[in-house]
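Chemist: Here you go, sequence then predicted model.
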Amino acid sequence: MKIVERLIPYKRTLKRFIPAGMRERIKFMAVSRRFRRIVRKRAPRNDLPFGVNMVGAVGGASGLSEASRGVLAGLREAGVPVSVWDFEAQGERAPELYRINVIHANPNQLPELLFVLPEEQWTGCYNIGFWVWELGRIPEEWTKYLPLFDEIWTPTAFSAAAIKRSCEVPVHVIPHLVEPVCDPAWDRKRWGLPEDLFLVLIAFDCDSSVERKNPEGAVRAFCKAFSDPSEPIGLVVKARNMTAELEAGLKEMLGGREHVYVFTEDYPKAAVNSLVQASDVYLSLHRAEGFGLILAEAMYLGTPVVGTDWSGNREFMDSGTACLVEAELVELERDYPPFRKGSRWASPNEDQAAEYLRRLYEDRTYREGTAERARAAVREKLSLAATSAQIKARMEALYREMK
């Protein structure tokens, strides 16, 4: 079995020579063995200096990466000694090992982390997992990883409630930091967007469950709101990991409208923030969000948001700061991995969303008032000062417990 474990780092090479089914069995055996050994040997050490080993995809372009950078900034602002290891880049680790791990990764990433993170770091540190979940209960396959952790952090009370239903370890709400930085060079001209159009933006990552993000619903609402294609209205679609099938389907729904702009490449985060800021409305008819980072970023940047009135985004949005779209909770009739049949998520009211879009277009006073209230609310609730204060309070409590 130890031989099986040693093969894992060479999985890219093995992929060329070993059938897929056998590779999965090798991986399962290796992960199971290492997991059991780590859990059995776990004994946090008292001789390590107090501080945090931050483990996360801090250099990436995804929302998960942006969130992990926010936790890192909060730890530093709180004055906590920190070492950082980007598990996607897999560069050199900091020589200092601190007493606490903050592992900012969802459980589907943990099998690989069991191997790339040294066993002594798993077993000898106090382990905090940072998880986010979008529905009412975490998947059963997540619960098997709970013995690795001493506590879980999550950014909303909505997500915390889902985790607590299946979790005996403490769960603490640590909101995401929202202070997006823009690049002035990425203005409308740089993006190839006309200055004289009213632009509605939708954004999603197909790897984050396109069914949950529901871009089709957003496009239908847009078409209902602006049925006259001669109006000076444009739709901007920013998508990561877009499939050709989905792109073709969205274009068919739009019926050959002239002012549709689709961006599917990866861009610097500051450039994407500038795209959000350059848009007149951000539209999200999501079925569920654990937090809804880009919604909060749009509010921070002064772009009015039309968003579903359910799940984690409700903790920083209200009727005064956003256009909240009513939704009926419906049961999933089949699996949409990782979301299982029988779970419930939102079915947002597309007609109401269309009405909001129309009002934002026609009523400048309403649009600017909503944007200003949203900007003020997010900058107060989700600032570095606010989020780092909560991290500092938790770190101080742990310091007292560990003395």
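Modeler: Yep, it's here. The structure presented is a predicted model; accordingly, all values stated were derived computationally and were not measured.
Chemist: Where does the prediction get shaky in the chain?
Modeler: 1-28, 90-92 (pLDDT under 70).
Chemist: can I see the domain layout of the chain?
Modeler: 42-177+385-402, 188-382 (automatic domain parsing).
Chemist: Between the two ends of the shortest one, what distance do you get?
Modeler: Across its full length, domain 42-177+385-402 reaches 16 Å end to end, with C-alpha to C-alpha, to the nearest Å as the criterion.
Chemist: can I get the domains of the chain in TSV with distance to residue 31 and mean neighbour count?
Modeler: Using the backbone N, CA and C atoms, a C-beta is placed for each residue, glycine as well. As requested, the domains of the chain are exported to TSV (distance: least, C-beta to C-beta, whole Å; neighbours: other C-beta atoms under 10 Å):
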stretch	distance to residue 31	mean neighbour count
domain 42-177+385-402	5	18
domain 188-382	17	19
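Chemist: Distance to residue 34 added to these, as JSON lines?
Modeler: Formatted as JSON lines, the domains of the chain follow (distance: least, C-beta to C-beta, whole Å):
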{"stretch": "domain 42-177+385-402", "distance to residue 34": "5"}
{"stretch": "domain 188-382", "distance to residue 34": "22"}
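Chemist: mind checking which of those is nearest residue 36?
Modeler: Minimum separation from residue 36 across the domains of the chain (C-beta to C-beta) falls at domain 42-177+385-402, 9.5 Å.
Chemist: so how far is the closest one from its chain's centroid?
Modeler: 15 Å (C-alpha atoms, centre = their mean, to the nearest Å).
Chemist: repeat for stretch 393-403
Modeler: 28 Å.
Chemist: What are the contacting residues of it?
Modeler: Contact with stretch 393-403 is made by 46, 50, 52, 75, 78, 80, 99, 100, 126, 153, 172, 174, as judged by C-beta atoms under 8 Å, 6 or more residues apart in numbering.
Chemist: Try it again at 6 Å.
Modeler: 50, 80, 172 (C-beta atoms under 6 Å, 6 or more residues apart in numbering).
Chemist: what does stretch 359-377 give?
Modeler: Contact partners of stretch 359-377, identified using C-beta under 6 Å, 6+ apart, comprise 198, 281, 299, 302, 304, 320, 321.
Chemist: now stretch 385-392
Modeler: 74, 75, 77, 78, 174, 175, 177.
Chemist: Can you tell me the closest non-neighbouring residue to the second one?
Modeler: Just to be clear, that refers to residue 75. Once flanking residues are discounted, residue 75 sits nearest to residue 82: 5.0 Å by C-beta to C-beta, 6 or more residues apart in numbering.
Chemist: For the one you found, list each beta-bridge partner.
Modeler: Assessed by DSSP bridges, residue 82 has beta-bridge partners residue 52.
Chemist: residues in contact with it?
Modeler: With C-beta under 6 Å, 6+ apart, residue 82 has these contacts: 52, 54, 75.
Chemist: What is the nearest of these to residue 342?
Modeler: Looking across these and measuring by C-beta to C-beta, the closest to residue 342 is residue 54, at 36.4 Å.
Chemist: did I read that right, the closest one in a strand?
Modeler: Yes: counting by DSSP: H, G, I helix; E, B strand; the rest coil, residue 54 is found in a strand.
Chemist: so the closest residue to it other than its chain neighbours, which of the three states?
Modeler: Once flanking residues are discounted, residue 54 sits nearest to residue 84: 4.8 Å by C-beta to C-beta, 6+ apart. Three-state call for residue 84 (three-state DSSP): strand.
Chemist: got it, and residue 96?
Modeler: coil.
Chemist: hang on, isn't it packed against residue 83?
Modeler: Yes: using C-beta atoms under 6 Å, residue 96 is in contact with residue 83, at 5.2 Å.
Chemist: what about the strands in the stretch 201-350 of the chain?
Modeler: Applying DSSP state E, counting those that start in this stretch to the stretch 201-350 of the chain gives strands spanning 233-240, 260-263, 281-284, 305-308, 323-325, 327-331, 344-348.
Chemist: mind giving me a markdown table with the ones you listed and columns for distance to residue 163?
Modeler: Formatted as a markdown table, the strands of the stretch 201-350 of the chain follow (distance: least, C-beta to C-beta, whole Å):
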| stretch | distance to residue 163 |
| --- | --- |
| strand 233-240 | 26 |
| strand 260-263 | 34 |
| strand 281-284 | 23 |
| strand 305-308 | 21 |
| strand 323-325 | 25 |
| strand 327-331 | 19 |
| strand 344-348 | 17 |
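Chemist: Identify whichever of those strands lies nearest to residue 136.
Modeler: Across those, residue 136 has its closest neighbour in strand 344-348 (6.4 Å, C-beta to C-beta).
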